[in-house]
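Asker: Take this sequence and fold it.
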Amino acid sequence: MRAIGINTWVWASPLTDATLGPLLDRVADLGFDAVELPLETAGDLSVDVVAAAVERTGLAPYVVGAMAPGRDLVRTDPATVAATQDYLRACIDLAAGIGSPAVCGPFYSATGRTGLLTSDERTAAYAEWREHLAPLVEHAGSRGVVLGIEPLNRYETSLVNTVDQALTGLADLLGPALGLALDTYHLNIEERSSADAIRAAGEHLAHLQVCGSDRGAPGGDQTDWPALVAALDEVGYAGPLNIESFTAENAAIATAASIWRPLAPTQDDLARDGLAFLRTLTDEGTPS
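Answerer: As a prediction, this is how the structure comes out:
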């Protein structure tokens, strides 16, 4: 049985030491095995508080980062690169301290930053990306954590949209401490086949986020879920399926994720429906 988790962004943003406990209680009470913990700002979450909460609830923790405006590793000034690296080190240190095997996110430029790149400009940006990411990969490896790089759809970035671009951009930096974190929402927009994209990621697949093609609960949407799970089995992915969706009640997160309407009657309904579908899919191989 594959573990199933959910991101706390389904209900609230930001996640802090003060709001952590009740949210993790809700996730555990709904029956999830794992939880994604977004560290939006260094210091929002402390190792002792989070470690105690995940131990109490029995949830397996996974840390995700947020590339807010001003966080960039490419095509920017040295001070911005250094500040972004410091933030990502904080994410890695939190993960190491609480037992999260991975830290995942679009760790290249700010979400929403787009612009047309020539072939030469893209090649140069990828080289700069590897240069500025390398010390973070080294730090992650020293802490026993894997960095998972997430391609985003064309409306959220113009740098890394596909698995092929991520593999090309990261090149020989890929390894035990650096892989890919894929999200079925972005795959649905950018890839010709989500299953084939997973196969292309292969051994480099470090983490997977799932949601419906409309950003709501997985199941009953346009995604070919049996084919996707079959591809996960083919590449030997043994990690969780973590639902990532968002609340429309928080202005900042609604704007960042373009969530302009409720995606379910309630956020708990979204979580329950997604969990029920994924349990059926992963336990029996075929959704009901």
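Asker: Buried residues in the worst-scoring helix or strand of the chain on mean pLDDT, which are they?
Answerer: Of the helices and strands making up the chain, the lowest-confidence element is helix 251-257, at a mean of 78, by mean pLDDT, DSSP states H and E. If you call a residue buried by 16 or more other C-beta atoms under 10 Å, then helix 251-257 has these buried ones: 253, 254, 256, 257. Placement of C-beta: from N, CA and C, glycine included.
Asker: ok, now stretch 73-90?
Answerer: Those would be 73-76, 80-81, 83-85, 87-90, for stretch 73-90 by 16+ other C-beta under 10 Å.
Asker: ditto for stretch 260-271
Answerer: 263, 264, 267, 270, 271.
Asker: hmm, which two among those are most spread apart?
Answerer: 263 and 271 (11.0 Å; C-beta to C-beta).
Asker: so what sits against both of these two?
Answerer: residue 217 (C-beta atoms under 8 Å, 6 or more residues apart in numbering).
Asker: Now the nearest residue to residue 153 once chain neighbours are set aside: phi and psi?
Answerer: Using C-beta to C-beta, 6 or more residues apart in numbering and skipping residues adjacent in sequence, the residue nearest residue 153 is residue 189, 4.2 Å away. Per-residue torsions, residue 189: phi -90, psi -40 (degrees, to the nearest 10).
Asker: The one 4 residues further on now?
Answerer: The phi and psi values for residue 193, taken as degrees, to the nearest 10, are phi -140, psi 120.
Asker: so which helix or strand takes in the residue of the chain positioned farthest from its centre?
Answerer: Going by C-alpha atoms, centre = their mean, the residue of the chain most distant from its centre is residue 120, 28.6 Å out. According to DSSP states H and E, residue 120 maps onto helix 119-142.
Asker: could you point out which element follows that helix?
Answerer: Next element after helix 119-142 (DSSP H and E): strand 146-149.
Asker: Tell me the strands beside that following strand, with direction?
Answerer: strand 102-105 (parallel), strand 178-183 (parallel) (DSSP bridges).
Asker: okay if I get the ones you listed as TSV plus mean neighbour count?
Answerer: Output for the strands paired with strand 146-149, formatted as TSV (neighbours: other C-beta atoms under 10 Å):
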stretch	mean neighbour count
strand 102-105	26
strand 178-183	25
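Asker: of all those, which lies closest to residue 37?
Answerer: Once the strands paired with strand 146-149 are compared by C-beta to C-beta, strand 102-105 is nearest, at 10.1 Å.
Asker: confidence score at the nearest residue to residue 158 once chain neighbours are set aside?
Answerer: Excluding the flanking residues, the one nearest residue 158 by C-beta to C-beta, 6+ apart is residue 114, at 4.2 Å. Residue 114 carries a pLDDT score of 96 in this model.
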